[in-house]
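Novice: Only the shape, not the letters, is given here:
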């Protein structure tokens, strides 16, 4: 914690002051900066802290170190700042989606950055992970920009520390947070697109299945809202079932699904499709329906958001070659994240970007008579 502010490390404060002095013209190109000893006395700190600030200016191309003479100013125009050794950090998860985003970044990061570092966050939502990243990467000056793959809003303390350190960062595949740059799928539009497709196949009584653990994430809330809006637009009653468990793997979740199907049938509304907020429950539904002799897709069809290669393999074991699903373009998100970071010298306003989606047709949805 810095002495000058609650969340600002001292070396960041020194760097910021010197940077502003250079850009304002107080220190002109070719002139020397105050010596390291003078800066140590001015800020009442160690040479290590002062040198960390100066090295950051050096990485930005604002100064250079002349052996035996000290630090000399190079640039006074903020638009011409360059980074000699600009490192981009990617914070990913151990899943296919994160890997797709990282691969697209790896192919083109060299346009804007000289080094790319990968950090495995795993699936844990423990906020202390971000504190460790700040200590090991940001505070030591090892990264200049960060791309984060996390579908939950970032910890507030992490956001404050990144902003105080003036490290630009983008979060994907999140949307719905406007405190920082984020990139995600147009989930409202995606649900509407899926419903339009189902309506064209003759489906009307469509169940939307989600769970509380996911529904608290903005992206998943928008998926549910998009479904409800599309149903109501066509004068139909939304049918939403929400389990407590994420993956619908318990007997209570099975009973919840079967009870909703039975209730709709008793009301004369024969359910013909289950639309899942993520592909894992759809696989569980296949197992449940098969155990109760309900045929897919002849009696009830299935569709979902997303379908990983692993899920496709499991679905095929039930005689379904491909699950009809919304495909989020994580490779596009990665490419857009690089472009957003390249713009950060031009705008300080948070950017919220929605990438287009694809609807992948499979044989899990049958065409029925209206």
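Specialist: Thanks, I have the structure now. What you see is a predicted model, and the numbers here were worked out from it, not measured in a lab.
Novice: now the residue located most distally from the centre of the chain: how far from residue 22?
Specialist: Seen from the C-alpha centroid of the chain, the residue lying at the greatest distance (Cα atoms, centre = their mean) is residue 68, 46.7 Å away. When distances are taken as Cβ to Cβ, to the nearest Å, residue 68 and residue 22 turn out to be 22 Å apart. Every C-beta, even on glycine, is put in place using the N, C-alpha and C of the backbone.
Novice: pretty sure residue 166 contacts residue 13?
Specialist: No - Residue 166 is not in contact with residue 13 according to Cβ atoms under 8 Å; the separation is 10.8 Å.
Novice: Between the two, which has more neighbouring residues?
Specialist: Regarding residue 166 and residue 13, a neighbour count based on other Cβ atoms under 10 Å identifies residue 13 as having more, with 19 against 14.
Novice: State the pLDDT value of the more buried one.
Specialist: According to the predicted model, the pLDDT of residue 13 comes to 83.
Novice: does it sit in a helix or strand, and which one?
Specialist: Under the criterion of DSSP states H and E, residue 13 resides in helix 10-23.
Novice: Quick check: next helix or strand after that helix?
Specialist: Going down the chain from helix 10-23, the next helix or strand is helix 36-43, by DSSP H and E.
Novice: Please name every helix or strand in contact with that following helix.
Specialist: Helices and strands touching helix 36-43, as assessed by 3 or more Cβ pairs under 8 Å, 6 or more residues apart in numbering; DSSP states H and E, comprise helix 10-23, helix 47-59.
Novice: Relative to residue 308, which of the ones you listed is closest?
Specialist: Closest of the helices and strands packed on helix 36-43 to residue 308 is helix 47-59, at 38.6 Å (criterion: Cβ to Cβ).
Novice: Tell me the helices and strands packed up against that closest one.
Specialist: Counting contacts by 3+ Cβ pairs under 8 Å, 6+ apart, helix 47-59 is packed against helix 10-23, helix 36-43, strand 63-66, strand 70-73.
Novice: Between the helices and strands packed on helix 36-43, which one is closest to residue 299.
Specialist: Closest of these to residue 299 is helix 10-23, at 62.0 Å (criterion: Cβ to Cβ).
Novice: Would you mark the buried spots in the closest one?
Specialist: Judged by neighbour count using 16 or more other Cβ atoms under 10 Å, the buried positions of helix 10-23 are 10, 11, 12, 13, 14, 15, 16, 18, 19, 22, 23.
Novice: how big is the angle separating it from helix 47-59?
Specialist: Between the axis of helix 10-23 and that of helix 47-59 there is an angle of 40 degrees, by axes from the mean of the first three to the mean of the last three Cα atoms, to 10 degrees.
Novice: what angle do helix 10-23 and helix 36-43 make?
Specialist: Taking the same axes, to 10 degrees, one finds helix 10-23 and helix 36-43 inclined to each other by 110 degrees.
Novice: any idea how far the spatially most central residue of the chain lies from residue 129?
Specialist: Central residue check for the chain by Cα atoms, centre = their mean: the C-alpha nearest the mean position is that of residue 172, 1.8 Å away. Taking Cβ to Cβ as the measure, residue 172 falls 17 Å from residue 129.
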